[in-house]
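Peer 1: Predicted model and sequence below, questions to follow.
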Amino acid sequence: MRELRTWGAAHPRAVDIGLALVVQAAMTMPFVVPRGPELEPATWPAYGLTTLTVVPLVWRRRAPMTVLLAILATSALYKLAVEGPGQPLPYTGLVSVYTIAVLAAPWQRLVTAALMVVAVPASVWLNTQSVRELTFSLFVFGAAYVFGRLTDARQRAQRVEAEQAAARERARIAREMHDILSHAVSLMVVQAEAGPVAVRAAPERAEAAFEAISATGREAMVQLRQMLGLLREGGETAAPREPQPDLVDLPALLERVRAGGLTVGYATEGGVRALPAATGASVYRIVQEALTNVVKHARARAVDVRLAHADGVLRITVTDDGRGPQGGPGGHGLVGIRERAAAHGGTAETGAGPGGRGFEVRVLLPVGEEKE
């Protein structure tokens, strides 16, 4: 059904032609079924005028009010000028009223309501002059209008939902790119600043620093290509997409930070186990951004990363021995950590480390219990 709706949205004219053919088939039935001698004859002129009533539906989206007026005119001509079979339902009028309720401006809907108040009783008077028919006709036209308004409301809600989803995706990609670039550039700057000193004092350390700069840059390029691949459109072939980083990539991340001269400790508790891809990627990015903040702002000599799994909750703690909280709500990095935690139903807190020394990031992520 979703594929059919997608195709219909891409080919509205084909849908309208198909609808007109379906309505034409329904209105043809009284002309082909056997008729008693007491009923109006099914003549070719009457059938031709019936077809003329259906044809405007092909343009119902482009000019809904004009189509309605054309249908009212041809229907009145059919009633007044020919003797032909009647229809069990006013198909063309119902489709036109529904279309106006979905697509037309408020003033056009008001004009349509006024026309129906006049046209429906006039049609009933020309046909049977029956109160029962008048009540039924008003009901079906009212139902067509209500269904049209409900369809419009549903479509509006879908558009809003699609726009919100697109905004969330843009924010997610922006957050990913911020994390990648901020982390890589911060490490490269630290390593590059340490390079000239190391060249004079310890050439072997300088070589390691430059290798770390190169490795960090390559890693950033790989991850940026992956993110840009998500945005690429058109006929150009996208670059192969690497898997999102996960828990198994944390040791390599920590090693790159160590190459910048920072002492990095890493420990796990409670048997940290494999996580869903999205959760594992978020854990990696949370640790990455916390370490980036340490490198950029903390003036720390050492940082400790701990992952603890207990009672279906993964606790992530990143603690440094730097200058501690500086006031304010924090930059984009800390906001990104909170957003990532909230996206998985978790929480994130930041503040002074144990004993009021340094800075600590504390994140709780519900990950569920391991199934036996």
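Peer 2: Cool, the structure landed.
Peer 1: After the helix or strand where residue 93 lies, heading C-terminal, what element do we hit next?
Peer 2: Using DSSP states H and E, residue 93 maps to helix 91-103. Reading on from helix 91-103 to the C-terminus, the next helix or strand found by DSSP H and E is helix 106-127.
Peer 1: got the angle between that following helix and helix 91-103?
Peer 2: Helix 106-127 runs at 160 degrees relative to helix 91-103, counting by axes from the mean of the first three to the mean of the last three Cα atoms, to 10 degrees.
Peer 1: quick one: terminal-to-terminal distance for stretch 35-54?
Peer 2: End-to-end distance of stretch 35-54 (Cα to Cα, to the nearest Å): 23 Å.
Peer 1: got any ranges where this structure has weak pLDDT?
Peer 2: 1, 38, 190-191, 193-210, 212, 222-223, 225-243, 272, 327-332, 369-372 (pLDDT under 70).
Peer 1: next one: the helix holding residue 93 to chain centre, how far?
Peer 2: In terms of Cα atoms, centre = their mean, to the nearest Å, the centre of helix 91-103 is found 30 Å from the chain centre.
Peer 1: so residue 367 makes contact with residue 279?
Peer 2: Yes. The criterion here is Cβ atoms under 8 Å, and residue 367 meets it with residue 279 at 6.2 Å. (Glycine included, C-beta is placed from N, CA and C.)
Peer 1: got any residues that touch both of those two?
Peer 2: Between them, residue 367 and residue 279 share no contacting residue under Cβ atoms under 8 Å, 6 or more residues apart in numbering.
Peer 1: about what we covered before: contacting residues around the helix holding residue 93?
Peer 2: Counting by Cβ under 8 Å, 6+ apart, 19, 23, 26-27, 53-54, 56-57, 60-61, 64-65, 67-68, 71-72, 75, 108-109, 112, 116, 140-141, 144-149, 151-152, 155 sit against helix 91-103.
Peer 1: and residue 80, what does it touch?
Peer 2: residue 126.
Peer 1: Flag every buried residue along the helix or strand hosting it.
Peer 2: Assigned by DSSP H and E, residue 80 falls within helix 64-81. Across helix 64-81, burial judged by 16 or more other Cβ atoms under 10 Å covers 64-65, 67-68, 70-72, 74-75, 78.
Peer 1: which one of the residues you listed is nearest residue 302?
Peer 2: Residue 302 has its nearest neighbour among the buried residues of helix 64-81 in residue 64, at 70.9 Å by Cβ to Cβ.
Peer 1: shouldn't that closest one be in contact with residue 104?
Peer 2: Yes. In this structure residue 64 lies within contact range of residue 104 using Cβ under 8 Å: 5.1 Å.
Peer 1: all helices of the stretch 251-372 of the chain, in order?
Peer 2: 277-293, 332-343 (DSSP state H, counting those that start in this stretch).
Peer 1: Run through who's touching the last one.
Peer 2: Under the contact criterion Cβ under 8 Å, 6+ apart, helix 332-343 has outside partners 171, 175, 178-179, 182, 282, 285-286, 289-290, 292-293, 329, 347-348, 350, 361, 363-365.
Peer 1: can you do 7 Å?
Peer 2: 175, 178-179, 182, 282, 285-286, 289-290, 292-293, 347-348, 350, 361, 363, 365 (Cβ atoms under 7 Å, 6 or more residues apart in numbering).
Peer 1: What of the first one?
Peer 2: Helix 277-293 is contacted by residues 179, 182-183, 186, 244-247, 249-250, 253, 257, 275, 303, 305, 314, 316, 318, 333-334, 336-337, 340, 343-344, 361, 363, 365, 367 when judged by Cβ under 7 Å, 6+ apart.
Peer 1: Would you mind giving me the ChimeraX syntax to select the buried ones in those?
Peer 2: Restricted to buried positions by 16+ other Cβ under 10 Å, the ChimeraX selection for these reads:
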select :179,182,183,186,244,245,246,247,249,250,253,257,275,303,305,314,316,318,333,334,336,337,340,344,361,363,365,367
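Peer 1: In strands only, show me the contacts of helix 277-293.
Peer 2: Members of the contacts of helix 277-293 lying in strands (criterion: DSSP state E): 303, 305, 314, 316, 318, 361, 363, 365.
Peer 1: Next up, the contacts around the closest residue in space to the last one that isn't next to it in sequence.
Peer 2: Of all residues beyond its chain neighbours, the one nearest residue 365 is residue 346 (4.0 Å), with distances taken as Cβ to Cβ, 6 or more residues apart in numbering. With contacts defined as Cβ under 7 Å, 6+ apart, residue 346 is in contact with 363-366.
Peer 1: Equivalent analysis for residue 217, please.
Peer 2: By Cβ under 7 Å, 6+ apart, the neighbours of residue 217 are 184, 188.
Peer 1: Confirm that it lies within a strand, as I assumed.
Peer 2: No. Using DSSP: H, G, I helix; E, B strand; the rest coil, the secondary structure at residue 217 is helix, not a strand.
Peer 1: Tell me how far it lies from residue 246.
Peer 2: Going from residue 217 to residue 246 by Cβ to Cβ, to the nearest Å gives 22 Å.
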